[in-house]
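> sharing a model prediction with you, sequence too.
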Amino acid sequence: MENLRLLRKKKKLTIREFAQKFDVAESTVSMWENGARNPEMTTLIKLAEFFKCSVDFLVGKSANPSPKRLKYLKQKKECPLDKEHSEKLDEAEKLLAELTFEELKSAVNYLNFLKSSGK
């Protein structure tokens, strides 16, 4: 997770300081940054919240660090989203904001299932 290293350094945190903040061993942080080990999903979410970025950016699946990518897309004139699609995204965003952490994890798992099954 090279992006984790970049974000940690951008915040001017040493591995030791970062490890203490997240209550993990320094060697764990080092393994995350070197790709030898991956954090659990709950930890990834905490890291994304701490860095104000998306989980996808942390794990290298997105070059865009912003978790607000949908809002940005909807504001662009060349956005391919029609009005109905845009309204559904707004509705989903409001619903997601009201979920507990456990409900949010379940929702993300379900969305990943839908995406992987092609539905």
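Nice, thanks for sending it over.

> give me the domain ranges for the chain.
The record's domain parsing of the chain by automatic domain parsing lists 2-58, 78-117.

> can you lay out these as JSON lines showing mean pLDDT?
Output for these, formatted as JSON lines (pLDDT from 0 to 100):
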{"stretch": "domain 2-58", "mean pLDDT": "91"}
{"stretch": "domain 78-117", "mean pLDDT": "77"}
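
> near E33, how many other residues are there?
19 (other C-beta atoms under 10 Å). From N, CA and C alone the C-beta is placed, and that goes for glycine too.

> quick check: which element contains the closest residue in space to it that isn't next to it in sequence?
Leaving aside its sequence neighbours, E33 sits nearest to R5 (C-beta to C-beta, 6 or more residues apart in numbering; 4.3 Å). Using DSSP states H and E, R5 maps to helix 2-10.

> I'd like the next helix or strand past that helix.
The helix or strand immediately downstream of helix 2-10 is helix 15-21, counting by DSSP H and E.

> now do that following helix: everything it contacts.
Helix 15-21 has contacts (C-beta atoms under 8 Å, 6 or more residues apart in numbering) with R8, L13, A25, E26, T28, V29, S30, E33, F50.

> next structured bit after it?
By DSSP H and E, the next helix or strand past helix 15-21 is helix 26-34.

> related to what we said a few turns ago, packing partners of the helix holding R5?
Applying 3 or more C-beta pairs under 8 Å, 6 or more residues apart in numbering; DSSP states H and E, one finds that helix 2-10 makes contact with helix 26-34, helix 55-58.

> many thanks, have a good one.
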